[in-house]
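# got a structure for you, letters missing:
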């Protein structure tokens with residue numbers, strides 16, 4: 001079985017020594033080629049080539065950003081039998097997609113699980129999402145880009161941008177870093193006081209006055225360390241997309257929503273909360289440019305986001 005290992009040398013929790021151990025283990029069962037990413041978008045380029053070359057399995061070793069780029073490359077021409085199967089070895093700080101697949105968070109154990117599943121032929125076809133943005137200052141929409149667990153416009157993207165800026169200065173990604181970035185964005189940003197976004201769901205009246213809108217394909221949405229944040233508990237690879245959005249809220253209400261989303265039985269409801277389950281598509285528009293993100297990567301500013309659910313899009317090793 002031909003396989004490509006796409007590894008991100010800058011991954012948060014993986015060392016070169018661990019990568020060498022994983023490569024030896026994978027090579028025992030697979031005809032393995034190893035490629036290290038060198039720049040943003042490189043994992044996508046490698047995945048496009050892997051699909052064109054007829055590789056059987058593409059394994060990622062990195063965080064959710066590496067997974068996102070790889071999936072976007074594998075599905076450049078859409079789902080189909082030509083697309084290699086994906087296997088995910090967690091190497092980032094949150095590893096939302098790997099956790100959703102039930103993968104061990106220890107990279108060595110994860111590789112052992114993957115090899116066992118490949119021997120037994122254990123794969124699963126999962127639904128994903130695609131999103132197009134109307135960039136700030138542009139008239140049209142970007143090409144659809146794939147995501148595996150989340151998309152967002154506004155507050156969540158602003159938090160990610162603040163975290164990425166801190167990481168560029170040498171700070172290590174952590175739950176505390178995200179909490180501080182979230183507090184700064186909420187308290188100092190203008191959007192919770194003048195919410196600029198409107199959500200458009202087909203067949204329903206538009207919902208204006210939103211400052212936060214999270215589109216989820218899995219549950220939990222993300223993690224603070226080992227603690228899951230579960231704003232859309234029903235989200236699943238087997239259904240359409242779930243949406244959690246907030247209108248104007250104060251600091252105490254925001255803390256209460258966070259607390260409820262971290263509870264053992266999460267159920268964040270109340271004034272200003274809007275939720276949907278199993279949507280095939282939706283559109284977000286904004287009165288002023290907002291950051292947008294897919295799978296935890298900040299992708300710039302936009303005034304709109306079109307999101308679509310794609311059932312049975314990709315085979316993954318489980």
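Thanks, I have the structure now. Keep in mind that this is a model prediction, so the values were computed, not measured.
# Run a quick neighbour tally on residue 263.
10 (other CB atoms under 10 Å). Yep, even glycine has a C-beta here, placed from its N, CA and C like the rest.
# and it, that one's in a helix?
No. Using DSSP: H, G, I helix; E, B strand; the rest coil, the assignment for residue 263 is coil, not a helix.
# Now it: phi and psi?
phi -70, psi 160 (degrees, to the nearest 10).
# so what secondary structure elements neighbour the longest strand belonging to the chain?
Criterion DSSP state E: the longest strand present in the chain is strand 297-317. If you count contacts as 3 or more CB pairs under 8 Å, 6 or more residues apart in numbering; DSSP states H and E, strand 297-317 packs onto helix 64-74, strand 85-90, helix 107-120, strand 123-135, strand 150-153, helix 155-168, strand 281-294.
# Now it: buried residues?
For strand 297-317, the neighbour count (16 or more other CB atoms under 10 Å) marks 297-299, 301-310, 313-317 as buried.
# re the thing from before, can you convert the helices and strands packed on strand 297-317 into JSON lines and add a column each for mean pLDDT?
Listed next are the helices and strands packed on strand 297-317 as JSON lines, based on pLDDT from 0 to 100:
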{"stretch": "helix 64-74", "mean pLDDT": "97"}
{"stretch": "strand 85-90", "mean pLDDT": "97"}
{"stretch": "helix 107-120", "mean pLDDT": "97"}
{"stretch": "strand 123-135", "mean pLDDT": "97"}
{"stretch": "strand 150-153", "mean pLDDT": "96"}
{"stretch": "helix 155-168", "mean pLDDT": "83"}
{"stretch": "strand 281-294", "mean pLDDT": "95"}
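# Can you say which of these is packed in most?
strand 150-153 (a mean of 30; mean count of other CB atoms under 10 Å).
# Run through who's touching that strand.
Contact with strand 150-153 is made by 96, 129, 131, 156, 197, 212-218, 221-222, 284, 286, 290-296, 302, 304-305, 307, as judged by CB atoms under 8 Å, 6 or more residues apart in numbering.
# re the thing from before, also compute the angle for the longest strand of the chain relative to strand 281-294, please.
110 degrees (axes from the mean of the first three to the mean of the last three CA atoms, to 10 degrees).
# tell me the mean pLDDT over strand 297-317?
For strand 297-317, mean pLDDT rounds to 97.
# between that strand and helix 107-120, how many degrees?
Interaxial angle of strand 297-317 relative to helix 107-120 (the same axes, to 10 degrees): 40 degrees.
# Which residues are in contact with the closest residue to residue 96 other than its chain neighbours?
Nearest in space to residue 96, with sequence neighbours left out and distances taken as CB to CB, 6 or more residues apart in numbering, is residue 149 at 5.1 Å. Going by CB under 8 Å, 6+ apart, residue 149 touches 64, 96, 97, 100, 216, 217, 218, 221, 295.
# what separates the second one from residue 120, distance-wise?
Relative to residue 120, residue 96 is positioned 25 Å away (CB to CB, to the nearest Å).
# Over to the fourth one?
Residue 100 sits at a distance of 20 Å from residue 120 (criterion: CB to CB).
# Also the last one?
When CB to CB is applied, the distance between residue 295 and residue 120 equals 28 Å.
# ditto for the third one
From residue 97 across to residue 120, the span is 21 Å (CB to CB).
# The first one now?
Taking CB to CB as the measure, residue 64 falls 26 Å from residue 120.
# Residue 146 and residue 127 touch, don't they?
No. Using CB atoms under 8 Å as the test, residue 146 is too far from residue 127 to be in contact (11.3 Å).
# Quick check: neighbours shared by those two?
With CB under 8 Å, 6+ apart, residue 146 and residue 127 have common neighbours 310, 313.
# In the stretch 151-300 of the chain, what residue spans correspond to helices?
Ranges of helices within the stretch 151-300 of the chain are 155-168, 175-188, 251-261, based on DSSP state H, counting those that start in this stretch.
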